[in-house]
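*Asks:* sequence? don't have it. structure:
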């Protein structure tokens, strides 16, 4: 009787593993689109959907750049608070000062980008493509403005970030120990 029971348990285990293996297999096959498939967008072409995504991303980036004054203020408050606790903030302060100077230098370029946004040639008020050719030119012009701003900033944002990280690494908080 024990042998019969062991065989039944063994067969049930094998059946369970077999059903799990079969269940893990897909029921439908999927195939990639061919090179000449008309449903695939042509290579190198900007579709209306892609232009809309790029434009939305550029608007979002432009909006973030407009908040640099608030960012500088927040970092300065953190520096002041850390200095009150006798922390050496000279490297972070000099990086912040360089960043603030670069922001001042880039401000005219940033403000000239507002004209591109206000005209939003090729896009309607909702950010949808109205004229694809004008939309491409608008996206290119905005991209050039962003590159100009990046060049005017001269890597000061990265230097500020690196200075903050270096400060945090050298001033790690002690780990809390819990007593039961």
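*Replies:* Nice, thanks for sending it over. If you're wondering where the values come from, they're calculated on a predicted model, not measured in any experiment.
*Asks:* which stretches of the chain form helices?
*Replies:* In the chain, the helices defined using DSSP state H lie at 2-23, 48-65, 68-84, 90-119, 132-153, 156-170.
*Asks:* next, the angle helix 90-119 makes with the second one.
*Replies:* Using axes from the mean of the first three to the mean of the last three Cα atoms, to 10 degrees, the interaxial angle of helix 48-65 with respect to helix 90-119 works out to 130 degrees.
*Asks:* please apply the same query to the last one.
*Replies:* The directions of helix 156-170 and helix 90-119 differ by 140 degrees, with the same axes, to 10 degrees as the criterion.
*Asks:* export the helices of the chain as a markdown table, with columns for mean neighbour count and distance to residue 179.
*Replies:* Every C-beta, even on glycine, is put in place using the N, C-alpha and C of the backbone. Converted to a markdown table, the helices of the chain look like this (neighbours: other Cβ atoms under 10 Å; distance: least, Cβ to Cβ, whole Å):
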| stretch | mean neighbour count | distance to residue 179 |
| --- | --- | --- |
| helix 2-23 | 9 | 47 |
| helix 48-65 | 15 | 44 |
| helix 68-84 | 14 | 29 |
| helix 90-119 | 16 | 35 |
| helix 132-153 | 16 | 49 |
| helix 156-170 | 15 | 27 |
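*Asks:* would you mind giving these as JSON lines with distance to residue 126 and mean pLDDT added?
*Replies:* Below are those laid out as JSON lines (distance: least, Cβ to Cβ, whole Å; pLDDT from 0 to 100):
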{"stretch": "helix 2-23", "distance to residue 126": "46", "mean pLDDT": "54"}
{"stretch": "helix 48-65", "distance to residue 126": "9", "mean pLDDT": "91"}
{"stretch": "helix 68-84", "distance to residue 126": "27", "mean pLDDT": "92"}
{"stretch": "helix 90-119", "distance to residue 126": "14", "mean pLDDT": "93"}
{"stretch": "helix 132-153", "distance to residue 126": "13", "mean pLDDT": "92"}
{"stretch": "helix 156-170", "distance to residue 126": "31", "mean pLDDT": "92"}
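*Asks:* now the ones you listed as TSV including distance to residue 178?
*Replies:* Below are the helices of the chain laid out as TSV (distance: least, Cβ to Cβ, whole Å):
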stretch	distance to residue 178
helix 2-23	42
helix 48-65	39
helix 68-84	27
helix 90-119	32
helix 132-153	44
helix 156-170	23
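*Asks:* got a list of what the spatially closest residue to residue 58 that is not a sequence neighbour touches?
*Replies:* Leaving aside its chain neighbours, residue 58 sits nearest to residue 142 (4.8 Å; criterion: Cβ to Cβ, 6 or more residues apart in numbering). Residues near residue 142 by Cβ atoms under 8 Å, 6 or more residues apart in numbering: 55, 58, 62, 113, 116, 117.
*Asks:* re the thing from before, out of the helices of the chain, which gets nearest to residue 177?
*Replies:* Closest to residue 177 of the helices of the chain is helix 156-170 (Cβ to Cβ; 21.1 Å).
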